[in-house]
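Engineer: here are the coordinates; sequence isn't available:
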């Protein structure tokens, strides 16, 4: 069994003494730092970001205690911060439509122990992937979201998910989410777009790519915002193609990238490695 | 010394018997095929493309004779075709502004024998790269092309180049070419754009890439058309970046990709490996 | 439905007129070439290789007729050759031990229609993957091959497979095959080795890679010969690692490469794209 | 102008409180941390490594003062440590034989300001690269090192370099160095080997790669030890090849990887980003 660890994510205006203060706090409370990453946007007047993962051996694991003890430091340096505990698994809802490969990859990794999350249910606006989901003994729920009932259907969906979900993965979910929905899970909805964004946003990216005659295709995992395919990019990858690849072949080649890019993004999100700042992600890996 | 070879590039409506006809023609005239590539856009009613490279040992090398003998076959199948001879070096003009890396790479490869072209001169709208060029004992010519004298300056430039140039490489040349200029060298002007097109066309692509927060940057070599950064893509490559890379670091990482992508495109053009069809390139490699 | 196609693989001493002869033969018999690749080992006195895929519309599909008609040409040029028909699916046996990822990937692709083969059974020397196999409604057979009963067990295995198998995929099968077994399926057994061969042949390649401190790991698909990990390489791929990756992390990163490299090799084998010559593979893609 | 920075590299048995102690020390002395990296070999009983780069504004820049102040902490935690100052350029000697590409790349980067080192001279056992070196206004020195005079020639070389060189780059230097020589510059001699080590160590790696039929070739930058091609690997990269690439083409493709891999290794060494531990490198990037 993996030891339990605590992950602390901090951002604040850069200033001398932050690392010293945090490291001393952890030391005095008996924590053992096992991973630490820092980043400052610019050397003068920048924003400072830190992710620190530690074993709380001999430390007070309980969330409330941590908050109380850490608060004075957080206030002194005006931290924006959050803390999470590896033994408390995040609850991940997966949204799908008809395409199987991204869902399959996530469930498979989850079953193999590579994704340490709980999956309360998989949501879809179609029935075709019910079998795939139920083979993993997971709940499959259909919500018939469409253009003309979107707001109503989303209300039902939100009500269904209320209190049961920490973040959402759109594993080739072919519906747009309204601003209202996005606001409820701000920076907690991950989408996989099947192009190298910002190229080929919107519908049919492989067709667009074919028509533009690109020599490399890509996939992009990003946080969802109210603007289609404009949210902060978490991860991207690419594959080489040639004039011999028609749209069908692009799709097949693209699927493999989509699978791995989405998995990476989900894993990093799950491990609290991502901070969003001004529509850019800082990823501590 | 490399043996002399002949390169034959053909396109036509797909039809049975084309390969048989061309291969038999070459065999009957004593040619020895050393490389051959084919591609058909689609299996029903598609366009057929072929590149064939052969040693003309015992064959009639002279251009005119080849034309005469090959014409009946070309007419029978309605070929669009061209032929070139490896011992007749293409004449390559390089256009630059102030950035050195692409120019340097090309000249270095040329000096090392990796680019088998003649370079009659390097054209620039600035003086800063004169030394680089003259170190290679090449002619450097300044033409002060600007927004407000573009047409006049281009006329002088075209007149200067008249009869001396087969193709042009824009090795980070920061001026737009008019349609009139492009028409003179249609599909014979190669540009390197410092982004993964169609993403970040236009000015300051690295700044655009930074602001969008992409995780991968790229470079694109393409033929120049009258529409900025819209011409047929010849080659692309990418490099992984992270939130730690500011615009300056993106530029440095990008330079390395620009160098190699441009070189590849120039080499393939030089070896007659590229056919443009409907704004897409077929590259026989 | 994909149209039926015929694949013809030829090798012979290089000579003028081969392409003309083959292309003319196909044309005269009404075939429509849809893909064609050639390669010669060296320009003087080399060996010529050709793969040609064609639609036999109006052509005589039947194997015997093809053989009879093609024989005179084959004899004239001393061809070594083979022919296959895309509508006649190859029968692929998969051998596994305990690791799941390669098997899972192959079965998934097969189910999705990306691998056009029949799978008569999956063979294992352990029981752990029985469930995975049976979920796909495939036969799972256990043969307890061990060091001390290898020859006897292999005899039983060969007898069981007799007449039912065209090629074998070792999807992380942790037993050595004897020369006798290999001879029966020469160039028809594909293994995935979890290193960048020839580096780290033999046992525990990820441990070896960790200890050597490499910055890139790899996977290699190759044909099996009687010498361990020495057979002709079909495909390789790599992933970047760092000092932060311990053996466990290398294994996880490696699995993803193993999956895709093995799949590619199997697909190319299935499509008759591979020729083995002097322990090197010529892959027509 | 880049601000001056101090780089502190520490290793010691892992223990709670190290980061707190170092960060507090820096804070109390007015330093501003601009980059910080940590790594522990294993969570229980491991070795801890840290690289910290800081602006010494208001801090005591002078080496001696730093040593005096830092000593108590270093002793308390049994640090192995070293400190360097970015404004004090390292002195880099380059050793070459006849191949130009690696030397050219390094000198070009150096001229462009990408390598912030002093180059007191370039050493060679041949004359062919004299011109390349002198074009950059650098001193070129020939030492005729051969098998039968190695020890004597090395003595002369060492005596010539005495006090003038911080580290050595073997940019395709085709002579073996004796243990005595290596000892003088332990972990300060970087070699580029033209293969993906440990595959194809020793002579003619591209020929070896061709004969083994690999589908990917590589290059490896490593520190030199007395055992040929066995030293700690700093960086590696690869390029895809096919059966079409003969030894000559492998060499050409390989050159591009060699150039960039060597450059990266030299840059990281120059910036004190590399720690060697048990024949593995920890690279803080």
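Structural biologist: That came through, no problem. A quick note: this is a predicted structure, and the numbers were derived from the prediction, not measured.

Engineer: can you get me a residue count around residue A:242?
Structural biologist: The local packing of residue A:242 (other CB atoms under 10 Å in any protein chain shown) involves 13 other residues. The way it works is simple: take the backbone N, C-alpha and C, and place the C-beta from them, glycine included.

Engineer: residue B:283 is in contact with that one, correct?
Structural biologist: Yes - using CB atoms under 8 Å, residue A:242 is in contact with residue B:283, at 7.0 Å.

Engineer: now residue A:266: phi and psi?
Structural biologist: As for residue A:266, its main-chain torsions (degrees, to the nearest 10) stand at phi -60, psi -40.

Engineer: just give the closest residue to it, not the sequence neighbours.
Structural biologist: In space, and not counting its chain neighbours, residue A:266 is closest to residue A:169: 5.7 Å by CB to CB, 6 or more residues apart in numbering or on different chains.

Engineer: what does chain A put close to chain D?
Structural biologist: Counting by CB under 8 Å from any CB of the partner chain, the residues of chain A close to chain D are A:3, A:16-17, A:19-20, A:23-24, A:26-28, A:30-36, A:38, A:40, A:43, A:55.

Engineer: what about chain A, any weak spots by pLDDT?
Structural biologist: Where chain A drops to pLDDT under 70, the residues are A:1-2, A:57-63.

Engineer: how about the residue nearest to residue A:266, secondary structure?
Structural biologist: Following DSSP: H, G, I helix; E, B strand; the rest coil, residue A:169 is assigned to strand.

Engineer: may I have the beta-bridge partners of it?
Structural biologist: Beta-bridge pairing for residue A:169 (DSSP bridges): residue A:94, residue A:190.

Engineer: quick one: it and residue A:109 touch, right?
Structural biologist: No - using CB under 8 Å, residue A:169 is not in contact with residue A:109; the gap is 11.7 Å.

Engineer: which one of those two has more residues nearby?
Structural biologist: Neighbours were counted for residue A:169 and for residue A:109 using other CB under 10 Å; residue A:169 has more, 27 against 17.

Engineer: for chain B, see how far away that one is.
Structural biologist: 18 Å (CB to the nearest CB, to the nearest Å).

Engineer: what of residue A:94?
Structural biologist: Using CB to the nearest CB, residue A:94 is found at 23 Å from chain B.

Engineer: also residue A:50?
Structural biologist: From residue A:50 across to chain B, the span is 13 Å (CB to the nearest CB).

Engineer: what's the local residue count around that residue?
Structural biologist: 24.

Engineer: tell me who's in contact with it.
Structural biologist: A:8-11, A:18-19, A:22, A:36-39 (CB atoms under 8 Å, 6 or more residues apart in numbering or on different chains).

Engineer: once you drop chain neighbours, what's closest to residue A:256?
Structural biologist: Residue A:256's closest residue in space is residue C:260 (CB to CB, 6+ apart), at 6.4 Å.

Engineer: quick check: that neighbour touching residue A:255?
Structural biologist: No - under the criterion of CB under 8 Å, residue C:260 makes no contact with residue A:255, lying 11.2 Å away.

Engineer: give me the more crowded residue out of these two.
Structural biologist: Neighbours per residue (other CB under 10 Å) separate residue C:260 from residue A:255, with residue A:255 holding more: 20 against 16.

Engineer: related to what we said a few turns ago, narrow the residues of chain A next to chain D to those in strands?
Structural biologist: Members of the residues of chain A next to chain D lying in strands (criterion: DSSP state E): A:32-36, A:38, A:40, A:55.

Engineer: what's the most distant pair in those residues?
Structural biologist: Greatest spacing in these, by CB to CB: A:40 and A:55 (26.2 Å).

Engineer: returning to what we had before: buried members of the contacts of residue A:50 into ChimeraX, please.
Structural biologist: Only the buried entries of these go into this ChimeraX selection, using 16 or more other CB atoms under 10 Å in any protein chain shown:
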select /A:8,9,10,11,18,19,22,36,37,38,39
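
Engineer: and which of the contacts of residue A:50 is nearest to chain C?
Structural biologist: Among the contacts of residue A:50, residue A:37 lies closest to chain C (CB to the nearest CB), at 11.3 Å.

Engineer: tell me how many other residues crowd the residue lying closest to that closest one once chain neighbours are set aside.
Structural biologist: Excluding its sequence neighbours, the residue lying closest to residue A:37 (CB to CB, 6+ apart) is residue A:284, at 3.8 Å. For residue A:284, the neighbour count with other CB under 10 Å is 22.

Engineer: show me the contacts for residue A:284.
Structural biologist: A:37, A:39, A:51, A:273-275.

Engineer: packing partners for the helix or strand harbouring residue A:75?
Structural biologist: According to DSSP states H and E, residue A:75 maps onto helix A:63-76. Where contact means 3 or more CB pairs under 8 Å, 6 or more residues apart in numbering or on different chains; DSSP states H and E, helix A:63-76 is packed against strand A:6-13, helix A:18-28, strand A:80-85.

Engineer: let's go with 7 Å and repeat that
Structural biologist: The elements that helix A:63-76 packs onto, with contact taken as 3 or more CB pairs under 7 Å, 6 or more residues apart in numbering or on different chains; DSSP states H and E, are helix A:18-28.

Engineer: before we move on, back to that, from the contacts of residue A:284, pick the one nearest residue C:103.
Structural biologist: residue A:273 (30.9 Å).

Engineer: ok, now which ones touch the closest one?
Structural biologist: By CB atoms under 7 Å, 6 or more residues apart in numbering or on different chains, the residues touching residue A:273 are A:51, A:283-285.

Engineer: save these as TSV, and put in distance to residue A:235 and secondary structure too.
Structural biologist: Listed next are these as TSV, based on distance: CB to CB, whole Å; DSSP: H, G, I helix; E, B strand; the rest coil:
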residue	distance to residue A:235	secondary structure
A:51	16	strand
A:283	8	strand
A:284	13	coil
A:285	10	coil
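
Engineer: in stretch A:223-230, which residues are buried?
Structural biologist: Neighbour counts using 16+ other CB under 10 Å place A:223-225, A:229-230 of stretch A:223-230 among the buried residues.

Engineer: pull the most distant pair out of these.
Structural biologist: Among the buried residues of stretch A:223-230, the pair separated by the greatest distance (CB to CB) is A:223 and A:229, at 11.2 Å.

Engineer: the residue nearest to residue A:256: what secondary structure?
Structural biologist: Classification of residue C:260 using three-state DSSP returns helix.

Engineer: surely it and residue A:257 touch.
Structural biologist: No - using CB atoms under 7 Å, residue C:260 is not in contact with residue A:257; the gap is 10.4 Å.

Engineer: within reach of chain C, which of the buried residues of stretch A:223-230 are there?
Structural biologist: Among the buried residues of stretch A:223-230, proximity to chain C is found for none (CB under 7 Å from any CB of the partner chain).

Engineer: dump those into a markdown table; add secondary structure as well.
Structural biologist: Shown next, in a markdown table, are the buried residues of stretch A:223-230 (three-state DSSP):
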| residue | secondary structure |
| --- | --- |
| A:223 | strand |
| A:224 | coil |
| A:225 | coil |
| A:229 | coil |
| A:230 | coil |
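
Engineer: between these, which is nearest chain C?
Structural biologist: Nearest to chain C among these is residue A:223, at 23.8 Å by CB to the nearest CB.

Engineer: so which residue of the stretch 1-150 of chain A comes closest to chain B?
Structural biologist: The nearest approach of the stretch 1-150 of chain A to chain B comes at residue A:39, 6.4 Å away (CB to the nearest CB).

Engineer: that residue - nearest residue in space that isn't next to it in sequence?
Structural biologist: That would be residue A:49: by CB to CB, 6+ apart, it lies 4.7 Å from residue A:39.
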